[in-house]
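Trainee: Below: sequence and its predicted model.
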Amino acid sequence: MNRIMLVDDEDNILNALRRVLVNRNPADLESPHYVVETFSSPRAALERAEDMAFDLVVSDYRMPEMGGVEFLKALRQIQPNAARIILSGYADLAGLVSAINEAEIFRFLSKPWHEFDLRLAISQALHYRAILQENQRLADQVRVQQGLLSKQEMALRRLAEESPGLAKVNWGPDGSVIIDDLL
């Protein structure tokens, strides 16, 4: 089961995207099942990404609080292995180039979208991500066998990917570890 984050400042767009992804044909046992979380605020989405791992993030390109490229660049710092897609109602070549080069998106889709194209892009992005993860896992196994990576380091990488905030350390100005920000 894949976890997908949807980010758009328009609730009607979020609801439509959610419907496309969540509604499955019960007779079709092959249809994928997604856990979908929606956010109308990119900042709230980034906060959630600190605690929960997502396989795919679909973001609007133009949002008043934070642009889609800026949002996906920040998200990439938190979850570098999450696949990223941008939706846009505007054909902006400079924005497209920026999204590809800076946010390293998988696909740029136009609004309004065709349901088939959206489902296909999401399926392809998730499949591509799964291949990259498997390649990384195999490369890590080789590094462990060659003594270049310890089993603990490999386990920490997996833990950080599954629970982004869990392996993060908050350092104090004096070099101490801050356990609780409220103290």
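Mentor: That came through, no problem.
Trainee: Tell me where the model's unsure across the protein.
Mentor: Residues of the chain meeting the criterion pLDDT under 70: 24-30, 91, 163-171, 175, 177, 179-183.
Trainee: Do a quick rundown of the helices in the protein.
Mentor: Shown for the chain, the helices assigned by DSSP state H span residues 11-22, 42-51, 68-78, 93-102, 115-145, 151-162.
Trainee: which of those helices is buried the deepest?
Mentor: helix 68-78 (a mean of 20; mean count of other C-beta atoms under 10 Å). Where you see a C-beta, it was placed from the backbone N, CA and C, and this is true even at glycine.
Trainee: do you know which of the helices of the chain lies nearest Ile178?
Mentor: Closest of those to Ile178 is helix 42-51, at 15.1 Å (criterion: C-beta to C-beta).
Trainee: quick one: contacts of that closest one?
Mentor: Contact with helix 42-51 is made by 5, 7, 37, 39, 57, 59, 63, 65-66, 68, 70-71, 74-75, 78-79, 82, 163-165, 168, as judged by C-beta atoms under 8 Å, 6 or more residues apart in numbering.
Trainee: returning to that earlier point: nearest to His33, of the helices of the chain?
Mentor: Of all those, it is helix 11-22 that lies closest to His33, at 8.8 Å by C-beta to C-beta.
Trainee: chain center to the closest one, what's the gap?
Mentor: Relative to its chain's centre, helix 11-22 lies at 17 Å (C-alpha atoms, centre = their mean, to the nearest Å).
Trainee: now swap in stretch 98-109 and tell me
Mentor: 12 Å.
Trainee: would you put the C-alpha positions of it in CSV?
Mentor: Output of stretch 98-109 as CSV, limited to C-alpha atoms (Å, rounded to 0.1, in the frame of the first residue of the first chain):
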residue,chain,number,x,y,z
SER,A,98,12.9,24.9,-12.6
ALA,A,99,10.7,22.1,-11.4
ILE,A,100,12.7,19.5,-13.3
ASN,A,101,16.2,20.8,-12.3
GLU,A,102,15.6,22.1,-8.8
ALA,A,103,12.8,19.9,-7.4
GLU,A,104,13.7,16.9,-9.5
ILE,A,105,10.1,16.1,-10.3
PHE,A,106,9.1,12.8,-12.0
ARG,A,107,6.3,14.4,-14.1
PHE,A,108,4.7,17.7,-14.8
LEU,A,109,0.9,17.3,-15.5
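Trainee: Understood, closing this out.
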